[in-house]
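J.: no sequence on this one, just coordinates:
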């Protein structure tokens, strides 16, 4: 009995250590994604870097990072993204969501753009329930409505940027589709191949534009673009690694704080300000998203 008790204690300690490591990785992930969002805002507004350059760089650098990380292990099956329909769909909707997010950052402010983008959690849950048979309760649907009410408040106070708001919502829907198809693809595909699909189609969508209108940027700006792209790739890889030891509830709840950190960064570094209605709308968005994640497990 003592031996069994000792083994149980060791197992509990091991699981506790794994969870602690997962939370550390999630915190690092938030640092990467927050830094990336703020850098994108800075180079797009202060240095007039267009969306297409930023998206292409993120795809190109991301592909290099995952090739170096996963390639030697044989986990990356790059050619599959060119002919498997589910991977093509993942690449197209993922690239669409990314382009919409980057396009709205200089127009809405990085805080509002990130808050609206965050609604992808709700769309992903709804789509997974419709097409993958995942459970979605009436209570979760209610919280979805709460979050959408928050978006409505953000839309109302951003009336002068109505087109940008609709683009941000389109990006959320696209990202929700990406979340749904990622859940499906994890049954048969590696993380590296799924991630590579977004990188490949982000590059394919933006390369024709860049060939027609090559960016005229200085060397220092290119360095910051590369830094932002590397940060985004490392954030994605760190997030994936963190979920190996964290539940969806814990990991999802921590990850949903990202808009808070980016909003604070926007206020601190760029003087972005939220009205009372925006604060209320943002709180409703985050509360609804958190409740949906909380009830999924």
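T.: Yep, that arrived. Treat the numbers as computed from the prediction; the structure is a model and nothing was measured.
J.: contacting residues around residue 81?
T.: Residue 81 sits next to 87-88, 91, 193, 196-197, 200-201 when contact means CB atoms under 8 Å, 6 or more residues apart in numbering. For every residue, glycine as well, the C-beta is placed using N, CA and C.
J.: where does it fall, phi/psi-wise?
T.: When read as degrees, to the nearest 10, the backbone of residue 81 gives phi -70, psi -10.
J.: and the pLDDT for it?
T.: For residue 81, the model assigns a pLDDT of 96.
J.: repeat that for residue 10.
T.: For residue 10, the pLDDT comes out at 44.
J.: contacts for the helix or strand hosting residue 200 next, please.
T.: Using DSSP states H and E, residue 200 maps to helix 191-212. Contact with helix 191-212 is made by 52-53, 55-56, 58-60, 62-63, 66, 69-71, 75-78, 80-82, 87-88, 90-92, 94-96, 98-99, 178, 182, 185-186, 236-237, 240, as judged by CB under 8 Å, 6+ apart.
J.: and these, which of them are buried?
T.: 52-53, 55-56, 58-60, 62-63, 66, 69-70, 76, 78, 80-81, 87-88, 90-92, 94-96, 98-99, 178, 182, 185, 236-237 (16 or more other CB atoms under 10 Å).
J.: right, and residue 37 touches residue 112 too?
T.: No. Contact criterion CB atoms under 8 Å: residue 37 and residue 112 do not qualify, at 11.8 Å.
J.: count of residues packed around the nearest residue to residue 168 once chain neighbours are set aside?
T.: Nearest non-adjacent residue to residue 168, counting by CB to CB, 6 or more residues apart in numbering: residue 116, 4.0 Å away. Residues within reach of residue 116, counting by other CB atoms under 10 Å, total 30.
J.: give me the pLDDT for residue 116.
T.: At residue 116, pLDDT is 86.
J.: is it true that it touches residue 152?
T.: No. Residue 116 is beyond contact range of residue 152, at 10.9 Å (criterion: CB under 8 Å).
J.: name the residues contacting each of those two.
T.: Common contact partners of residue 116 and residue 152 (CB under 8 Å, 6+ apart): none.
J.: now do stretch 24-44, average pLDDT.
T.: Per-residue scores along stretch 24-44 average to 93.
J.: how many neighbours does residue 83 have?
T.: By the other CB under 10 Å criterion, the neighbourhood of residue 83 contains 8 residues.
J.: report the contact partners of it.
T.: Contacts of residue 83 (CB under 8 Å, 6+ apart): none.
J.: so how far is stretch 282-296 off the chain centroid?
T.: Mean-position distance between stretch 282-296 and its chain equals 16 Å (CA atoms, centre = their mean, to the nearest Å).
J.: what about it, average pLDDT?
T.: The average pLDDT for stretch 282-296 rounds to 76.
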